[in-house]
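1. Any chance you can model this:
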Amino acid sequence: MKKFLWKSKLSGLLVICLIAGLIEAISPIAYAVDFSVDIIVGNEVINYNDPSNSLVISIPVSLSAGSNIHGSVAVINDVTGNKVLPFSIYRNGEVVLITPRAGAYGVVNNTNLFSDTAGHWAENNIIFTSARELFSGVGGGRFEPNAPMTRAMFVQVLANIEGVNLTAYNTSRFTDVSADAWYLPVVEWAAESGLTSSVGNGRFDPEANITREQMARMLVNYIEYKQFSLPLNTTSAFNDEASINAWALDAVITLQQAGVISGRSGNIYEPQGIATRAEVATVFAQFIATYVNHISTGN
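-> Here you go, the predicted model:
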């Protein structure tokens with residue numbers, strides 16, 4: 001394993017650019033990188049793990065023929081094995097990742113291809129999110145991109161991106177989340193973390209299809225929970241902005257100004273419309289790319 005040492009006073013964001021000579025080509029299943037990053041203060045290697053001062057690591061890679069850039073993702077090796085790092089993107093011959101800690105890193109091509117997404121408008125976004133293990137298929141090699149997503153499934157995606165340990169969540173505050181429901185731990189984690197709340201009368205409505213304004217509200221709640229910053233661009237209001245509920249309006253505007261959402265045809269958002277699996281995949285892909293680009297470049 002190659003080792004890369006970084007000396008810093010630990011003030012502000014740390015940016016590490018690995019030299020091109022360390023990197024091998026990515027094959028569809030092989031690791032591109034096998035190295036570790038250590039943080040040294042003075043002459044002492046410290047166990048660096050600081051979410052408020054994340055590391056930005058830029059890893060030059062050479063893609064093999066046929067590799068999909070959207071499926072290229074960073075991993076970190078810990079005691080449980082190789083763990084995918086969702087906040088990593090391929091950009092201009094590099095995989096750029098945001099991580100709170102030093103450690104042993106790799107890059108893999110984790111592309112999953114589904115039989116029903118070839119040529120779909122969201123194909124690359126589906127590849128992107130499934131490679132980061134935010135989504136999986138529905139079985140039989142299918143993704144069902146135009147199918148709706150339930151509220152419970154959406155908070156599962158949030159839990160996947162967070163990599164949260166759910167073992168402690170075994171009771172629910174909601175009257176319609178039963179003790180044996182698969183989604184109890186993720187719903188309770190999301191509620192405890194302030195990402196979601198009751199729809200009324202103590203209910204979560206887990207099996208209801210998530211609306212586009214609910215999607216925006218929960219994602220922005222997660223962004224605020226993580227204290228992430230996003231770019232702020234000047235945009236034109238959606239033509240149907242007046243139909244967005246007040247509790248969701250600031251979230252929709254935040255994501256629109258950051259470039260995470262762009263609405264449907266005719267510059268409308270359709271806030272009460274049902275979000276499809278393809279649309280949710282696209283929003284998460286845009287969110288990750290926007291955040292990584294913003295933190296690593298300042299734009």
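2. contacts and neighbour counts: CA atoms only from here.
-> Will do.
3. Could I get the full set of helices for this structure?
-> Secondary structure of the chain (DSSP state H): helices at 123-131, 151-162, 184-192, 212-226, 246-258, 277-297.
4. Export the ones you listed to JSON lines and append columns for mean pLDDT and mean neighbour count.
-> Below are the helices of the chain laid out as JSON lines (pLDDT from 0 to 100; neighbours: other CA atoms under 10 Å):
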{"stretch": "helix 123-131", "mean pLDDT": "97", "mean neighbour count": "25"}
{"stretch": "helix 151-162", "mean pLDDT": "97", "mean neighbour count": "21"}
{"stretch": "helix 184-192", "mean pLDDT": "98", "mean neighbour count": "22"}
{"stretch": "helix 212-226", "mean pLDDT": "97", "mean neighbour count": "20"}
{"stretch": "helix 246-258", "mean pLDDT": "97", "mean neighbour count": "19"}
{"stretch": "helix 277-297", "mean pLDDT": "96", "mean neighbour count": "21"}
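5. how about those helices in TSV, adding distance to residue 62?
-> Listed next are the helices of the chain as TSV, based on distance: least, CA to CA, whole Å:
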stretch	distance to residue 62
helix 123-131	18
helix 151-162	26
helix 184-192	37
helix 212-226	32
helix 246-258	30
helix 277-297	20
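6. Of these, which is nearest residue 89?
-> helix 277-297 (6.4 Å; CA to CA).
7. what does that closest one contact?
-> Identification of contacts with helix 277-297 by CA atoms under 8 Å, 6 or more residues apart in numbering yields 15, 56, 86-89, 96-98, 122, 125-126, 128-129, 135, 144-149, 215, 228-231, 258-261, 299.
8. Walk me through the domains of the chain.
-> Under automatic domain parsing, the residue ranges defining each domain of the chain are 2-109, 123-297.
9. Would you mind saying which of the ones you listed lies nearest residue 115?
-> Per CA to CA, nearest to residue 115 of those: domain 123-297, 5.5 Å.
10. which residues in the protein form strands?
-> Ranges of strands in the chain, per DSSP state E, are 2-7, 14-17, 25-26, 35-41, 44-46, 55-60, 62-63, 72-78, 81-84, 88-91, 94-99, 103-109.
11. Ranked by average pLDDT, which of those strands falls at the bottom?
-> Lowest mean pLDDT of the strands of the chain: strand 25-26, a mean of 36.
12. Make CSV out of the domains of the chain and add distance to residue 116.
-> As requested, the domains of the chain are exported to CSV (distance: least, CA to CA, whole Å):
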stretch, distance to residue 116
domain 2-109, 17
domain 123-297, 6
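13. ok, and for stretch 57-70, which residues are buried?
-> 57-63, 67-70 (16 or more other CA atoms under 10 Å).
14. Determine which two of those are furthest apart.
-> Pairwise over the buried residues of stretch 57-70, using CA to CA, the maximum falls at 57 and 67, 21.4 Å.
15. what does stretch 124-131 contact?
-> 70-73, 109-113, 135-136, 278, 281-282, 284-285.
16. Next, give me the two most distant ones among the residues you listed.
-> Pairwise distances across the contacts of stretch 124-131 (CA to CA) peak at 21.1 Å, for the pair 109 and 278.
17. how far away is residue 236 from residue 275?
-> From residue 236 across to residue 275, the span is 22 Å (CA to CA, to the nearest Å).
18. Kindly report the same for residue 126.
-> For residue 126, the distance to residue 275 - CA to CA - is 14 Å.
19. now do residue 226
-> Counting by CA to CA, the gap from residue 226 to residue 275 is 23 Å.
20. Also residue 161?
-> For residue 161 relative to residue 275 (CA to CA), the value is 19 Å.
21. and what of residue 288?
-> Residue 288 is 18 Å from residue 275, by CA to CA.
22. Repeat that for residue 268.
-> For residue 268, the distance to residue 275 - CA to CA - is 14 Å.
23. Compare those two and say which is more crowded by neighbours.
-> Ranked by neighbour count (other CA atoms under 10 Å), residue 268 and residue 275 place residue 275 first, with 23 against 14.
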